[in-house]
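Asker: Generate a structure from the sequence data that follows.
(one chain, ligands or ions: 1)
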Amino acid sequence: MRAGPDREHDDDRSGQTGVATKTRPKTKKPSLYRVLLLNDDYTPMEFVILILEQVFNKSREDATRIMWHVHNQGVGECGVYPYEVAETKVTQVMDAARRNSHPLQCVMEKQ
Ligand code: TYC
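Answerer: Presented below is the predicted three-dimensional model:
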């Protein structure tokens with residue numbers, strides 16, 4: 001028997017205690033950014049393929065296809081990510097290119 005209201009053990013959720021399971025009006029979907037590789041005349045094809053495998057988690061087949069696309073078209077998409085992920089990948093590519101003295105350029109643009 002209970003004498004009166006007990007907030008902690010009552011089934012009434014109007015006190016908002018516990019885990020939220022329904023709508024969360026405050027959240028927004030993050031903006032997405034395309035990460036693009038640019039062609040140049042000097043970066044070895046194999047280096048570009050390795051970048052696509054290691055930074056963008058592409059299969060050998062997809063990496064090779066994207067590399068040829070960039071080589072032939074001048075620019076190509078490596079992936080689409082939230083801002084901070086895209087920024088990290090651009091930095092990883094530019095750092096690896098610089099370490100290996102290749103002129104490879106990688107940029108991001110809002111989708
Ligand atoms: N064009 C380069 C070559 O012929 C290969 C290359 C492909 C370079 C893609 C950059 O983003 C690039 N060696």
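Asker: Spell out the secondary structure type for Val70.
Answerer: Of the three states, Val70 takes helix according to DSSP: H, G, I helix; E, B strand; the rest coil.
Asker: What strand or helix carries the closest residue to it other than its chain neighbours?
Answerer: Nearest in space to Val70, with sequence neighbours left out and distances taken as Cβ to Cβ, 6 or more residues apart in numbering, is Gly76 at 3.9 Å. C-betas here are computed from N, CA, C, even on glycine. Assigned by DSSP states H and E, Gly76 belongs to strand 75-82.
Asker: who does that strand pair up with?
Answerer: Taking DSSP bridges as the criterion, strand 75-82 sits next to strand 32-38 (antiparallel) in its sheet.
Asker: could I get the strand it pairs with in PDB with only the CA atoms?
Answerer: Listed in PDB are the C-alpha atoms of strand 32-38, where the atom choice follows Å, rounded to 0.1, in the frame of the first residue of the first chain:
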ATOM      1  CA  LEU A  32      27.500  16.500 -45.500                       C
ATOM      2  CA  TYR A  33      30.700  17.200 -47.400                       C
ATOM      3  CA  ARG A  34      32.000  15.600 -50.600                       C
ATOM      4  CA  VAL A  35      35.800  14.900 -50.500                       C
ATOM      5  CA  LEU A  36      37.300  15.300 -54.000                       C
ATOM      6  CA  LEU A  37      40.700  14.200 -55.500                       C
ATOM      7  CA  LEU A  38      42.100  16.500 -58.200                       C
END
